[in-house]
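> kindly return the folded structure for what I paste below:
(one chain, ligands or ions: 2)
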Amino acid sequence: MSSSRHQLTDLSGTFELKNGVRMPYLGLGVFQCDNVVEAVTLALETGYRLVDTASIYENEAEVGEAVRASRVPREEIFVTSKIWNTDQGYNSTLDAFEASLKRTRLDYLDLCLIHWPVEGKYKETWRALETLYREKRVRAIGVSNFLKHHLEDLMADATVIPMVNQVEFHPYLVQQELVDFCFSNVIQYQACSPMMRGNVFKLDAMNALAEKYSKTIAQIVLRWDLQKGVATIPKSSKKERIITNADIFDFELHPDDVAFIDSMDCGKRFGPDPDNFDF
Ligand SMILES: NC(=O)C1=CN([C@@H]2O[C@H](COP(=O)(O)OP(=O)(O)OC[C@H]3O[C@@H](n4cnc5c(N)ncnc54)[C@H](OP(=O)(O)O)[C@@H]3O)[C@@H](O)[C@H]2O)C=CC1
Ligand SMILES: O=C(O)C(=O)[C@@H](O)[C@H](O)C(=O)CO
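Residues are numbered from 1 along each chain as shown. Ligands and ions are numbered 1, 2, ... in the order given. Coordinates of the predicted model:
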């Protein structure tokens, strides 16, 4: 996937989901963010139009507060939340969704994801998300941390194909086969932990690329995401970083450098393995 498919001209840019809803390329992740209202407010002022939260992050209320107080109209902001593992199942998902919405004090969510593929539960969870989607309580539905076999299993019974798969994605974990499967099924790939939970800043090879382009390592890795057609949700709670992380629309990585970053893939995760998690 190259930049030629997308213009990648500015921070207001979006990927079109299978149902026509437009999802911003880049958003602010707020896992373990200690100043959510301030960070989301600044991000929206900077031009970010997507915020990624989850019930387990225990900050949906702060995300909603910042979104509601923003000068940016609600319809221009894309809010994602997720159904946590212990809430999976049909009725419990409906309840968890209502609880999330209540905490945000928003009228709707833009995207709701199954957070992890809990065996024996995720199909019923999906059926509940399909209900919420049909009832127009949420503009798009998707999954997170789903591998190809989880997606194939889910899609065998689904009436709505997931619109997004949010997955750990960075230079050490590309999972190209999963990326290709999602692209061929029009499931938008979205990178979580795009900066390897901070570990990308230790890589000499990324530092060399940053020097070559006179950019920061964060800007290189986030630009690589977009040139691969992958949406991305970097987290920072620091003012300067929230601003500079989004400054990725005035340069283009050469295809050889995109391929070079691809070649760093060694299958290393910084988060849990979707086939082996216990929470
Ligand atoms: N669906 C899922 O299961 C998961 C979803 N996510 C989502 O993805 C988001 C991002 O992933 P996350 O795991 O938080 O990690 P990231 O890969 O985004 O890395 C965040 C770390 O990088 C640091 N950082 C950010 N920008 C810079 C910079 N320019 N220079 C130096 N350091 C920087 C941050 O520190 P500081 O804040 O101090 O700047 C923080 O320590 C989450 O917030 C969450 O929304 C994440 C994990 C799993
Ligand atoms: O951030 C998330 O969305 C996650 O699910 C993970 O961070 C997960 O909670 C984890 O890393 C637990 O160790």
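
> where do the helices of the stretch 151-279 of the chain begin and end?
176-184, 204-213, 217-227, 239-245, 255-262 (DSSP state H, counting those that start in this stretch).

> please convert these to a markdown table, extending it with distance to ligand 1 and mean pLDDT.
(Each C-beta comes from the backbone N, C-alpha and C, glycine too.) Conversion of the helices of the stretch 151-279 of the chain to a markdown table gives the following (distance: least, Cβ to the nearest ligand atom, whole Å; pLDDT from 0 to 100):
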| stretch | distance to ligand 1 | mean pLDDT |
| --- | --- | --- |
| helix 176-184 | 14 | 98 |
| helix 204-213 | 10 | 98 |
| helix 217-227 | 4 | 98 |
| helix 239-245 | 4 | 98 |
| helix 255-262 | 15 | 98 |
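
> most tightly surrounded among the ones you listed?
Ranked by mean neighbour count under mean count of other Cβ atoms under 10 Å, the helices of the stretch 151-279 of the chain are led by helix 217-227, which reaches a mean of 24.

> give the other helices and strands that that one contacts.
helix 204-213, strand 231-232, helix 239-245, helix 255-262 (3 or more Cβ pairs under 8 Å, 6 or more residues apart in numbering; DSSP states H and E).

> and those: which comes nearest Q188?
Evaluated with Cβ to Cβ, the helices and strands packed on helix 217-227 place strand 231-232 nearest to Q188, the distance being 6.1 Å.

> all strands of the protein, in order?
14-16, 22-24, 28-29, 50-52, 78-83, 109-114, 138-144, 164-168, 188-192, 231-232 (DSSP state E).

> give me the distance between the closest residue to ligand 2 within the chain and ligand 1.
In the chain, the residue that lies nearest ligand 2 is F31 (3.9 Å; Cβ to the nearest ligand atom). F31 sits 3 Å away from ligand 1, going by Cβ to the nearest ligand atom, to the nearest Å.
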